[in-house]
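Undergrad: no letters, just coordinates:
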């Protein structure tokens, strides 16, 4: 009976987590957290479900009262640690390990990250997607080989842009370096039309760029980027969905399968709230331009859409 229940939860996991995500925005925290813990207790051997719950906790940790922030992250880290030790499935274990490290970063315990991953970066010459694609070619399944290659390209494109944006933040005090990194990230975003593929990544790029230009006294450019951010949020972002396009024609099933380690579960109401948080809280405050009519107009546009 437990096996059948676990299969049901896995198949319906997306619906369950979307419902819990909405509950986090509409119901008392303690009540929702109590239900989550009951679900975890009941299906403690269902590792895919535990991973989904961990991602749910991570997703909402920044949007709860400060007193609950660490609680959610510690719960998520514990679940991921269990999956890493006992999960068996190598892909799930890998994703759980990365999520566990993300929790450590958000809890500001970097030594735990070093303990889990080490202190140096290394990667094999031949990537996993390349090997799988070649294997499909050998068995004559060209369509599947193309699908896997597209998934690999999408994944590494997203990683490259996100890492470049992180470098923008790291070098924000050096305008020339940060601007160059930002321009290269934007070149990739334009080339691959990432604003339609992954509006979250494109939106973060506009915010990071605006932050750098504002910090170094280029108010007009900062406001231009923030206006693009607002346009993106209001025209493309909702309903939020990772998707393919005319180039990435075969990735939608993969994107919807839950195999992305960075899958984020948000209710639409929380997404709208995060649009404004991006301007007021997540990034360094745009103090130098907060009295500008254009800035106030941007805030008003997003606020009116909540």
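TA: All right, it came through fine. For clarity, every value in this text was computed on a predicted model and none was experimentally measured.
Undergrad: what's the separation between residue 221 and residue 210?
TA: 8 Å (C-beta to C-beta, to the nearest Å). C-beta coordinates here come from the backbone N, C-alpha and C atoms, glycine included.
Undergrad: who's more crowded, these two?
TA: When residue 221 and residue 210 are compared for neighbours, residue 210 comes out ahead with 27 against 16, by other C-beta atoms under 10 Å.
Undergrad: quickly find the element holding the more buried one.
TA: Element membership for residue 210, per DSSP states H and E: helix 199-215.
Undergrad: how about residue 39, nearest residue that isn't a chain neighbour?
TA: Counting by C-beta to C-beta, 6 or more residues apart in numbering, residue 39 lies nearest to residue 53, which is 7.0 Å off, once chain neighbours are set aside.
Undergrad: who's in contact with the nearest residue to residue 219 once chain neighbours are set aside?
TA: With C-beta to C-beta, 6+ apart as the criterion, residue 219 has its nearest non-adjacent residue at 5.2 Å, and that residue is residue 289. Contact analysis of residue 289 by C-beta atoms under 8 Å, 6 or more residues apart in numbering lists 214, 219, 222-223, 295.
Undergrad: how about the longest helix anywhere in the chain: buried residues?
TA: Longest among the helix segments of the chain by residue count, using DSSP state H, is helix 142-170. Neighbour-count burial for helix 142-170 flags 144-145, 147-152, 154-155, 157-158, 161-162, 164-165, 167-168 (criterion: 16 or more other C-beta atoms under 10 Å).
Undergrad: again, but for stretch 114-126
TA: So for stretch 114-126, nothing qualifies as buried (16+ other C-beta under 10 Å).
Undergrad: give me the mean pLDDT for it.
TA: Rounded to a whole number, the mean pLDDT of stretch 114-126 is 78.
Undergrad: poorly predicted segments of the stretch 151-300 of the chain, please.
TA: By pLDDT under 70, the low-scoring segments of the stretch 151-300 of the chain are 236-240, 257-285.
Undergrad: make TSV out of the contacts of residue 289 and add secondary structure and neighbour count.
TA: As requested, these are exported to TSV (DSSP: H, G, I helix; E, B strand; the rest coil; neighbours: other C-beta atoms under 10 Å):
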residue	secondary structure	neighbour count
214	helix	24
219	helix	17
222	helix	25
223	helix	21
295	helix	20
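Undergrad: save those residues as CSV, and put in distance to residue 234 too.
TA: What follows is the contacts of residue 289, written out as CSV (distance: C-beta to C-beta, whole Å):
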residue, distance to residue 234
214, 21
219, 22
222, 19
223, 16
295, 16
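Undergrad: can I see the domain layout of the protein?
TA: For the chain, the structural domains run 2-117, 138-304, going by automatic domain parsing.
Undergrad: which of the ones you listed sits closest to residue 131?
TA: domain 138-304 (9.4 Å; C-beta to C-beta).
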